[in-house]
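Enquirer: heads up, no residue letters with this:
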């Protein structure tokens, strides 16, 4: 036993022990490094996973924002078309239309979208839509009022046309009645005759011996005629075809023209039959057929032909 211990080399033992301790320290350091590397690797993997997840979420968010942008742009385009379709000249509406067009351009050029901006655009679109809906309601109301006024106008026109037609019919009826009254109010002469008289107003059988002619007739009674004084003109046309007249060749107006007459007489007519005699003084009468025409108030009231020998 003692020999075995004697064989023990103490310095060598210490060297081996130190080497062992150094190896143990090195092993601990390696294990520490490995642990750190593992931890860093885990952290890196975790960070990568988080980054990937955030990237995917950002992509999803961006897709939603783009979808919102497209929807807002579509709403704005629809609003612009609606404003154009209203076709109303209004300064406020024109300003709203320009604002909608400006928002479309801003939205197209927007590079950094976020939810706040999207909400702002949506709010603007909502405001413009509300304004447009107000215009539409006003226009619908005005259209309803216009339709009502149009119906009333048509009704009034029909009533006016009916009234005018009735008035025209009444005027025509009145004109017809006036014409009938005017025609019916003319005093007519009947039983017209003419005889030749000598200077003593005695009838003669030979007209060459006559010093005057007497026209006899009856003014017929007429309740429609205006009573009062009226002048009767007698036009006696000789067999030779000229009107017998005095030296002054007196005239009266007939149908806007002057007409020579032979003799006249004023009478007081009171709507009853009235016998009238008109005398024409002259000489050199010739035998033949004489034409006698009687006029009063611008109208021919009677005529006849008389043969004198």
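Expert: Received it, and whenever you're ready, just let me know what you need. Please read these numbers as outputs of a predicted model, since none were measured by experiment. Numbers count the residues shown, from 1 in each chain.
Enquirer: could you use CA atoms for every contact and neighbour count after this?
Expert: OK.
Enquirer: how does the protein divide up, domain by domain?
Expert: Annotated domains of the chain cover 12-145, 189-308 [automatic domain parsing].
Enquirer: in terms of mean pLDDT, which of those ranks lowest?
Expert: Mean pLDDT values for these show the minimum at domain 12-145, a mean of 67.
Enquirer: the closest residue to residue 185 other than its chain neighbours sits in which helix or strand?
Expert: With Cα to Cα, 6 or more residues apart in numbering as the criterion, residue 185 has its nearest non-adjacent residue at 4.2 Å, and that residue is residue 225. Assigned by DSSP states H and E, residue 225 falls within no helix or strand.
Enquirer: other residues contacting stretch 256-265?
Expert: Here stretch 256-265 makes contact (Cα atoms under 8 Å, 6 or more residues apart in numbering) with 231-236, 243-246, 249-253, 278-280.
Enquirer: first vs last residue of that stretch, how far apart are they?
Expert: 21 Å (Cα to Cα, to the nearest Å).
Enquirer: sort out which residues of it are buried, please.
Expert: For stretch 256-265, burial by neighbour count (16 or more other Cα atoms under 10 Å) applies to 260, 261, 262, 263, 264.
Enquirer: can I get the residues you listed in TSV with secondary structure and distance to residue 307?
Expert: Shown next, in TSV, are the buried residues of stretch 256-265 (DSSP: H, G, I helix; E, B strand; the rest coil; distance: Cα to Cα, whole Å):
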residue	secondary structure	distance to residue 307
260	strand	22
261	coil	20
262	coil	18
263	strand	19
264	strand	22
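Enquirer: biggest separation within these, which pair?
Expert: Spatial extent of the buried residues of stretch 256-265 (Cα to Cα) is set by the pair 260 and 264 at 11.1 Å.
Enquirer: residues contacting residue 220?
Expert: 187, 188, 189, 190, 271, 272, 273, 274.
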